[in-house]
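Visitor: let me see the structure of the following:
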Amino acid sequence: MKKLSFLLILFILLSICVHFYPALTMWDRSVIFFVQDKLSFMPLWIPMLPDCILYTIMIIVPLLSFGIFFIRKRLYYDLVFFCSIPLVTFLLNCVIKPCFRRERPPLWMQISEVHPESYSYVSSHSLVTICLWGMVIWYLNKYCENPVLRNVGFLISVLWILFVGLSRIWLGVHNPTDVLGAYILGGILLLFYVKVVKSKLIKSV
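Guide: Numbering: from 1, shown residues only. The predicted model follows:
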């Protein structure tokens, strides 16, 4: 409960700063320039990966894999809960983005060929990724008995979560604080999901 309260307060404070302090946006711009400059030697297709079919695959694969596992184990509650993550994060973005109406970085800063027209805060890519793959980590720790498979799954999950957030900044389609806000909000959702799942498991014992 303390972690949940802490993250909630942190998200509120960050959201207030994003909305009322334009100087924060200037800091965001400097970070984008820094990242783009340091990574300019790398081909553009690398940060574009979360904008192509790979992003869809990295959503479908865990949903299908754990969906099959939950059905075989008759864990229908977990099945519905886990598969609801993309929908819940989408609906949250539909509420949060119009509330803050934060503009994305200007087009001349966006090195991607794709220029999203929606508002910037928070990053929808980062939000769904941290929620979905965060739950993958939790379920692997709970049900996977193979330590090698569990560690590999953990490594892939963490790297993908971090890479998606970095790619948003790298491409200039999101401010760093958009990604940070998504990670904090994702942490809140993860704690809530885990709390609900644990309470269901306790009741079923």
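
Visitor: what comes up buried for the worst-scoring helix or strand of the chain on mean pLDDT?
Guide: Lowest mean confidence among the helices and strands of the chain (mean pLDDT, DSSP states H and E): helix 176-204, at a mean of 84. If you call a residue buried by 16 or more other CB atoms under 10 Å, then helix 176-204 has these buried ones: 176-191, 193, 197. Using the backbone N, CA and C atoms, a C-beta is placed for each residue, glycine as well.

Visitor: helices or strands up against it?
Guide: helix 2-20, helix 22-38, helix 76-83, helix 85-100, helix 124-143, helix 147-170 (3 or more CB pairs under 8 Å, 6 or more residues apart in numbering; DSSP states H and E).

Visitor: which of the ones you listed sits closest to residue 110?
Guide: Checking those against residue 110 by CB to CB gives helix 22-38 as the closest, at 9.3 Å.

Visitor: now do that closest one: which elements does it pack against?
Guide: For helix 22-38, the packing partners by 3+ CB pairs under 8 Å, 6+ apart are helix 2-20, helix 147-170, helix 176-204.

Visitor: tell me the angle of the helix or strand that it is followed by relative to helix 85-100?
Guide: Going down the chain from helix 22-38, the next helix or strand is helix 53-72, by DSSP states H and E. Put simply, helix 53-72 runs at 130 degrees to helix 85-100, going by axes from the mean of the first three to the mean of the last three CA atoms, to 10 degrees.

Visitor: mean confidence (pLDDT) on helix 53-72, please.
Guide: Helix 53-72 shows a mean pLDDT of 93.

Visitor: now stretch 15-34
Guide: On average, the pLDDT along stretch 15-34 is 93.

Visitor: chain center to it, what's the gap?
Guide: Stretch 15-34 has its C-alpha centroid displaced from the chain centroid by 20 Å (CA atoms, centre = their mean, to the nearest Å).

Visitor: how about it as PDB, C-alpha atoms only?
Guide: What follows is stretch 15-34, C-alpha atoms only, in PDB (Å, rounded to 0.1, in the frame of the first residue of the first chain):
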ATOM      1  CA  SER A  15       1.800  15.600 -14.000                       C
ATOM      2  CA  ILE A  16       1.500  18.900 -12.300                       C
ATOM      3  CA  CYS A  17       5.100  19.800 -13.300                       C
ATOM      4  CA  VAL A  18       4.400  18.700 -16.900                       C
ATOM      5  CA  HIS A  19       1.300  20.800 -17.100                       C
ATOM      6  CA  PHE A  20       2.300  24.000 -15.300                       C
ATOM      7  CA  TYR A  21       6.100  24.300 -15.800                       C
ATOM      8  CA  PRO A  22       7.200  24.900 -19.400                       C
ATOM      9  CA  ALA A  23      10.800  24.900 -18.300                       C
ATOM     10  CA  LEU A  24      10.500  21.100 -17.900                       C
ATOM     11  CA  THR A  25       9.700  20.800 -21.600                       C
ATOM     12  CA  MET A  26      12.900  22.700 -22.400                       C
ATOM     13  CA  TRP A  27      14.800  20.100 -20.300                       C
ATOM     14  CA  ASP A  28      13.000  17.400 -22.200                       C
ATOM     15  CA  ARG A  29      14.200  18.900 -25.500                       C
ATOM     16  CA  SER A  30      17.800  18.900 -24.400                       C
ATOM     17  CA  VAL A  31      17.600  15.200 -23.400                       C
ATOM     18  CA  ILE A  32      16.100  14.300 -26.800                       C
ATOM     19  CA  PHE A  33      19.000  16.200 -28.500                       C
ATOM     20  CA  PHE A  34      21.500  14.400 -26.300                       C
END
